[in-house]
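**Q** sequence plus the predicted model coming up.
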There are 2 protein chains.
Amino acid sequence: MATLAGVSTGTASKALNGRGTLRPETRLRVQQAAEQLGFVANAAARSLHSGRTYTVGMITTDSIGRFSIPLMIGAEDALGAGQMSVFLCDARDDPIREQYYVRTLLSRKVDGIIVTGRRTQARAPIGEDLPVPVVYAFISSSDPQDCSVVPDEADGARRAIQHLLAIGRRRIVHVTGPEHHYSATVRAAAAEETLTAEGLEPASRTLYGEWSEAWGRQAAGILLSTGADIDAVFCGSDQIARGVAEGLREAGREIPRDVALVGFDNWDVMVQGSRPALTSIDMDLEGIGRTAAELLLAAVNGEPVHGQRAHPCRLVPRASTAVPADSGRRT
Amino acid sequence: MATLAGVSTGTASKALNGRGTLRPETRLRVQQAAEQLGFVANAAARSLHSGRTYTVGMITTDSIGRFSIPLMIGAEDALGAGQMSVFLCDARDDPIREQYYVRTLLSRKVDGIIVTGRRTQARAPIGEDLPVPVVYAFISSSDPQDCSVVPDEADGARRAIQHLLAIGRRRIVHVTGPEHHYSATVRAAAAEETLTAEGLEPASRTLYGEWSEAWGRQAAGILLSTGADIDAVFCGSDQIARGVAEGLREAGREIPRDVALVGFDNWDVMVQGSRPALTSIDMDLEGIGRTAAELLLAAVNGEPVHGQRAHPCRLVPRASTAVPADSGRRT
DNA sequence: AGCGTCGGGGCAATCGTTTTCCTGATTTTC
DNA sequence: GAAAATCAGGAAAACGATTGCCCCGACGCT
């Protein structure tokens, strides 16, 4: 103990925490002794006394995946700045495992819990009357009283369409994932509404399929074979967009001259790997994670926020919608 | 306290933990009371007494990325089974932040630390004479006494070449990442050695570039323009392989009939998105994470393992090296 | 010079759980 | 029937740090 190198345990505590009235010289002596011995206060003992653990639990309901990671990074970022640590729990879509983790986190007396997942669709709350605040990030809780931070997917779709309109496209079609998938329907509805609001209508009905490149290629084939007159495709994901790009390119269509393309997710390997580089909608997952963490901290400090918060999307323009010098409209 | 619903704190503890000699009826009564009140023992108080926290810290030196995630999942898997929780720390390649996290973890009295990163190259130990065991996963420590679990990349390269040889290819070339990158040179050396051991030599010198699809396409162009007679390409990453595949296909070469292709990483979106689907080397990152966690647990239990452990790779065959019924060798 | 005040720092209670020791009570044994 | 053995469960110390309280010495004031 640092006391050996100085005075008494109580005094040492005061010295290291800046409490009590001590002579500067004594304080310094204790600090140096602690430094020398590599002394670090035992967090367990400290939290036992204070009731705070400066720890939050993070439960990913689905496995840790492409969406949960930026969320985690964002949250970890905001929490780390507040000197808090993160307990990582991967529930793997298993309710039993999830409940087990909730109990574990409560036993560890975390100050709060962040729940994330792979889908934006609402889910049942992880527990009722939990003794600590809970914030849902990316996914939302089906209880409207719970605090959720979700991407504004409709906003994203709107931005995509408006961008295409802004570069002069009018014959726009939407290709996306499965019709039973919440995100697909929300984005499709918003895209259609945006067109309608401009007095336009889709160049073809929305094509629903899978979240894959293969479906994108297939969709391109469908569009070409029906002979629809299109000059832009808004895709529900970057993977689909990449598939569409390949399909169109191989049929001799040039992007963006003949057909402009916007994806969704702004997934680096996809937008960069695509030819040409893909304009895409970024949901700012890191920002969502950060916001969720900040709301959690607020709740821990006694200022809980209820209800759902929609986080705006951002359009990242790249070559697939670049307007060439000569106007960008095919003749 | 559960005591209110039963007897005394000491007795309650015994009842819930199966210690001491209690009447079954008393034990049951306490358990039911605990159940009813939703009582969970305070982990801080418990660890204060036992000295164990049943918690390990996981530090990713680089940001959480494509490689760290499977490692984390694997580790979390093995540790979760042992009732342990994981503290996640993202040091973001910042030594200051890293040291800060080490101190935090020590203050929380974790039972051990797992260090992971994005590169396999050896790195300086995270600390000296730490009071808890440390295991390095994927990356290795420059101190040979430290316990590290790394992928056997040479083994992976060997398997790739042997697979190509097994399907009858003889004119093989290697396309990989930057020459200054440890993984690139290790894999290239092993690939070359394997060929030499078979009395063959590379169909062209190894092409070093970037870890990107664009480089893959470019490399395909180089191979075609030099007119090298090749019937297989082993690539240092799936992204490069995908680029090579595109480049070759657009030049009219058919895969695998004309040229067989093997990638590295077995990254789902790349191997599936590639046309045809890509045969690839899987480093079994999850397995590495699991092994690291198991070794850490062993060390925690007083059976430390020193030195570096190489984890074998696995070849996952797909269409890009599929042998057609008529032999697989172009005429 | 004596008393009051203030600054510095020690003492001990406290947090919640585990565990050892110990005490009654009951049962067994001769 | 008495001594010994067994059993159930309570009392209290311990884990490590924090913190309110109190004590002691020095200084200042009248």
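**A** Perfect, I can see it now.

**Q** correct me, but residue A:30 touches residue A:11?
**A** Yes - using CB atoms under 8 Å, residue A:30 is in contact with residue A:11, at 7.3 Å. For the C-beta atoms, the positions are set from N, CA and C on the backbone; glycine is no exception.

**Q** those two: which is more packed in?
**A** Shown here are residue A:30 and residue A:11; by other CB atoms under 10 Å in any protein chain shown, residue A:30 has more neighbours (22 against 17).

**Q** separation between the more buried one and chain B?
**A** The gap separating residue A:30 from chain B is 17 Å, by CB to the nearest CB, to the nearest Å.

**Q** not counting sequence-adjacent ones, nearest residue to that residue?
**A** residue A:15 (3.7 Å; CB to CB, 6 or more residues apart in numbering or on different chains).

**Q** got it, and residue A:127?
**A** Residue A:127 sits nearest to residue A:102 (CB to CB, 6+ apart), 5.5 Å away.

**Q** which residues touch the one you found?
**A** For residue A:102, the contact set (CB atoms under 8 Å, 6 or more residues apart in numbering or on different chains) comprises A:59, A:113, A:126-127, A:130.

**Q** which of those count as buried?
**A** Buried subset of the contacts of residue A:102 (neighbour count, 16 or more other CB atoms under 10 Å in any protein chain shown): A:59, A:113, A:126.

**Q** surely the last one meets residue A:134?
**A** Yes - checked against CB under 8 Å, the pair residue A:126 and residue A:134 is within contact range at 6.5 Å.

**Q** if we can go back for a sec, can you tell me which of the contacts of residue A:102 are in strands?
**A** A:59, A:113 (DSSP state E).

**Q** wait, which of the contacts of residue A:102 is closest to DNA strand C?
**A** The closest of the contacts of residue A:102 to DNA strand C turns out to be residue A:130 (CB to the nearest atom of the strand; 16.6 Å).

**Q** what number of residues lie near the closest residue to residue A:40 other than its chain neighbours?
**A** Using CB to CB, 6+ apart and skipping residues adjacent in sequence, the residue nearest residue A:40 is residue B:107, 4.1 Å away. By other CB under 10 Å, 16 other residues sit near residue B:107.

**Q** pLDDT at residue B:107, what is it?
**A** Per-residue pLDDT puts residue B:107 at 94.

**Q** next one: the one 5 residues further on
**A** We have a pLDDT of 96 for residue B:112.

**Q** so what's it bridging to?
**A** residue B:56 (DSSP bridges).

**Q** try residue A:173
**A** With DSSP bridges as the rule, residue A:173 is bridged to residue A:233.

**Q** where does the residue nearest to residue A:127 land in three-state SS?
**A** With DSSP: H, G, I helix; E, B strand; the rest coil as the basis, residue A:102 sits in helix.

**Q** distance-wise, check it relative to DNA strand D.
**A** 26 Å (CB to the nearest atom of the strand, to the nearest Å).

**Q** burial measure for the one residue in the stretch 151-300 of chain A that gets nearest to DNA strand C, as a count.
**A** Here the residue of the stretch 151-300 of chain A nearest DNA strand C is residue A:300; by CB to the nearest atom of the strand that distance is 17.9 Å. Neighbour count of residue A:300, defined by other CB under 10 Å: 19.

**Q** cool, and the one 3 residues further on?
**A** When neighbours are counted by other CB under 10 Å, residue A:303 registers 9.

**Q** residues in contact with it?
**A** Residue A:303 neighbours (CB under 8 Å, 6+ apart): none.

**Q** how close does it sit to DNA strand D?
**A** Taking CB to the nearest atom of the strand, one finds residue A:303 at 22 Å from DNA strand D.

**Q** likewise for residue A:311?
**A** For residue A:311, the distance to DNA strand D - CB to the nearest atom of the strand - is 37 Å.

**Q** looks like that residue contacts residue A:286 (just checking).
**A** No - using CB under 8 Å, residue A:311 is not in contact with residue A:286, being 10.5 Å away.

**Q** compare the two (neighbour count), which wins?
**A** The neighbour comparison of residue A:311 against residue A:286 (other CB under 10 Å) goes to residue A:311, with 22 against 19.

**Q** what's across from that one in the sheet?
**A** Going by DSSP bridges, residue A:311 forms beta bridges with residue A:151.

**Q** could you list the low-pLDDT ranges of chain A?
**A** A:1-6, A:324-331 (pLDDT under 70).

**Q** one more pass at 50, please.
**A** A:327-331 (pLDDT under 50).

**Q** burial count for the residue of chain A found nearest DNA strand D?
**A** For chain A and DNA strand D, the shortest gap (CB to the nearest atom of the strand) falls at residue A:10, measuring 2.6 Å. Residue A:10 has 11 neighbouring residues, counting by other CB under 10 Å.

**Q** ditto for residue A:316
**A** Counted with other CB under 10 Å, residue A:316 comes out at 15.

**Q** does it touch residue A:279 like I think?
**A** Yes - counting by CB under 8 Å, a contact exists between residue A:316 and residue A:279, whose distance comes to 6.6 Å.
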